[in-house]
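Q: Test case, fold it:
(one chain, ligands or ions: 2)
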Amino acid sequence: MRIQFLGGASRVGSLGMLLEHDHDLLLFDYGYLPSKPPTYPMKAPPVRTCYLSHAHIDHSGMIPWLCGRHDTNVFATMPTIATSDLLHNDSIKVLNLEGYPQPFDEEDLETTRRNFMEMRLGETRKEGDLEITSHSAGHIPGACMYEIVDREVILFSGDIHTLNTELVWGAKPVKCDTLVLESTYAGRRHPDRLKLDHEFLKKVEVTLDRGGKVIIPAFAVGRTQEILLILRRKKFEIWLDGMGKRVNRIYLDFPEALRNAAKLRNAVKDAKRVRSQRGRERALKGEIIVSTSGMLDGGPVLRYINRIKDDPKSGIFLTGYQVDGTNGRRLRDTGSLDMSGVNVKVECEVSFFDFSAHADHDDLLRFINDCDPERVILCHGDNRDLLANDIEGRDVLMPMEGKWVEL
Ligand SMILES: [Zn+2]
Ligand SMILES: [Zn+2]
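A: Ligands and ions are numbered 1, 2, ... in the order given. Okay, here's the model as predicted:
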């Protein structure tokens, strides 16, 4: 048995892992990084079956290409299947808007819908003499890790979070011989989560008390729901706009993927949904607007920001990591934004809150020790070596993209 990363080994984004066993190939995840221009993985050879860990574009973005080219069957949980479809549709629109070539088209999306097959959390499938079982990854609803059992046990982590969040329970370790582990947060530590929630709510209150409005850009898949759950602890007037509205509905259809479906149902019910231009005007008269996109590259959020950016009483609170080259990163680094090609100075308050859905450096080390593998293969990280330096008593591999690793 051997594996090869088609992308996403030495950096975050465009993850794809081929596994060769008995001359048969399986693919785990196949995504692209929505950078400018987009970063694509190496072209996948024909594979009959792909296992998808979760819907985020850096894991699922090239699935339509795969289905269109190779008619591959793709296994995933229902929340992943439904949210992937939303994101795939959106990525066609975004690539078009940004003027980049499309790796796939509407017809490929049709094939993808036909080829997706449900695999429930905890379910086991046979692939020749391999047994593949999915386990919750604690990252976003429906996200899973794959346990691959041959004579030895391999665990492919996808993206994981080991601590409980408002939205999902943390991932539980799985005993294995080889752990293929994401290392997005290698070398970085999250602030204490309870303190962060408190600080965030405090900041919102202070801003509203001084007569300002709060704009919260949030990723549609996972972050929007987490933010609604945190804000719900106070009786704010919340307006919700963008793709997050549709993701709410999908998640509520699959309550078993959530930590507390009733809580999310109430949080969604309490938020007012923006449905029209009139709604947008009403939202701007309210207190808080939660909207996509999370990195300020398009989506309705920019229209709201445009209206409050000169008001020093108001605030923009970023809630996720801002990738290099995005508008959100520009705002954090320079205090200005690209608004339809024009560089615009932002005078209102800008704050950043690290609401990550990933295990941090120490969480990853703890997870490794609890899974107790002989060998750790680090991937999906810009600073894998920082994590490798802290792993003791195990073989640690950091393969580059395109290199085969014998297992
Ligand atoms: Zn992810
Ligand atoms: Zn990822």
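Q: what's downstream of the lengthiest helix in the chain, the next helix or strand?
A: Counting residues, the longest helix found in the chain (DSSP state H) is helix 78-98. Next in sequence after helix 78-98, counting helices and strands by DSSP states H and E, comes helix 106-115.
Q: Verify the stated contact: Val350 with Gly335.
A: Yes. Assessed by CB atoms under 8 Å, Val350 is found in contact with Gly335 at 6.7 Å. All C-beta spots, glycine's among them, are computed from the backbone N, C-alpha and C.
Q: Which of the two has more residues huddled nearby?
A: With neighbours defined as other CB atoms under 10 Å, Val350 and Gly335 compare such that Val350 has more, 18 against 11.
Q: give me the element the more buried one is part of.
A: In this structure, Val350 sits in strand 349-352 according to DSSP H and E.
Q: Flag every buried residue along that strand.
A: By neighbour count with 16 or more other CB atoms under 10 Å, strand 349-352 contains the buried residues Glu349, Val350, Ser351.
Q: so the last one bridges to which residues?
A: With beta bridges defined as DSSP bridges, Ser351 has these partners: Phe317.
Q: Thought Lys203 was touching it, still the case?
A: Yes. Contact criterion CB under 8 Å: Ser351 and Lys203 qualify, at 6.1 Å.
Q: ok, now which ones touch the residue in the stretch 151-300 of the chain that ligand 2 sits nearest to?
A: Nearest to ligand 2 in the stretch 151-300 of the chain, going by CB to the ion, is Asp159, at a distance of 4.2 Å. Counting by CB atoms under 8 Å, 6 or more residues apart in numbering, Asp159 makes contact with Ser53, His54, His56, His59, Ala137, His139, Ala143, Glu182, Thr184, Ala357, His358, His380.
Q: Need the residues that contact stretch 103-116.
A: Surrounding stretch 103-116, the residues in contact under the criterion CB under 8 Å, 6+ apart are 32, 40, 62-65, 67-68, 71-74, 76, 81, 84-85, 88-89, 92.
Q: buried subset of the residues you listed?
A: Neighbour-count burial (16+ other CB under 10 Å) applied to the contacts of stretch 103-116 gives 32, 40, 62-65, 67-68, 72, 74, 76, 81, 84-85, 88, 92.
Q: ok, the residue most central in space within the chain - contacts?
A: Residue closest to the average C-alpha location in the chain (CA atoms, centre = their mean): His56, at 4.3 Å. His56 makes contact with Gly31, Leu87, Ile140, Asp159, Val221 under the criterion CB under 8 Å, 6+ apart.
Q: any idea how far Arg307 is from it?
A: Computed as CB to CB, to the nearest Å, the His56 to Arg307 distance reads 30 Å.
Q: re earlier: now do the shared contacts for Ser351 and Lys203.
A: The contact sets of Ser351 and Lys203 overlap at Gly315, Phe317 (CB under 8 Å, 6+ apart).
Q: contacting residues for Leu97?
A: Counting by CB under 8 Å, 6+ apart, Leu97 has contacts Gly298.
Q: Beyond the strand holding Val350, next helix or strand please.
A: helix 361-371.
Q: Tell me which other helices or strands that next one touches.
A: strand 178-182, helix 384-388 (3 or more CB pairs under 8 Å, 6 or more residues apart in numbering; DSSP states H and E).
Q: Run the chain-centre distance for that helix.
A: 20 Å (CA atoms, centre = their mean, to the nearest Å).
Q: Next: stretch 31-38.
A: In terms of CA atoms, centre = their mean, the centre of stretch 31-38 is set 14 Å apart from its chain centre.
Q: before we move on, what about stretch 380-395?
A: On CA atoms, centre = their mean, the centre of stretch 380-395 falls 22 Å from that of its chain.
Q: Asp90 reaches Gly242, doesn't it?
A: No. Using CB under 8 Å, Asp90 makes no contact with Gly242, being 10.3 Å away.
Q: Pick out whichever of the two has more residues nearby.
A: Summary of the neighbour comparison: Asp90 and Gly242, criterion other CB under 10 Å, with Gly242 having more neighbours (23 against 18).
Q: quick one: low-confidence ranges for this protein?
A: For the chain, no stretch is flagged by pLDDT under 70.
Q: Please identify the residues of it in proximity to ligand 1?
A: Taking CB under 5 Å from the ion as the measure of proximity, the chain contacts ligand 1 at His56, Asp159.
Q: give me that answer again for 8 Å
A: Selection of the chain residues close to ligand 1 by CB under 8 Å from the ion yields 53-54, 56, 58-59, 139-140, 143, 158-159, 222, 357-358.
Q: now, which of the contacts of Asp159 lie within strands?
A: Of these, the ones assigned to strands by DSSP state E are Glu182.
Q: and the residue in the stretch 301-407 of the chain that ligand 2 sits nearest to, what is it in contact with?
A: When scored by CB to the ion, the stretch 301-407 of the chain has His380 as its residue closest to ligand 2, at 5.8 Å. His380 makes contacts with Gly8, Ala9, Arg11, Val12, Gly13, Leu15, Asp159, Glu182, Ser183, Thr184, as judged by CB under 8 Å, 6+ apart.
Q: excluding its backbone neighbours, what's nearest it?
A: Leaving aside its sequence neighbours, His380 sits nearest to Glu182 (CB to CB, 6 or more residues apart in numbering; 4.0 Å).
Q: ditto for Leu208
A: Closest residue to Leu208 apart from its sequence neighbours, by CB to CB, 6+ apart: Glu287 at 5.4 Å.
Q: mind checking how far Phe219 is from Phe200?
A: 16 Å.
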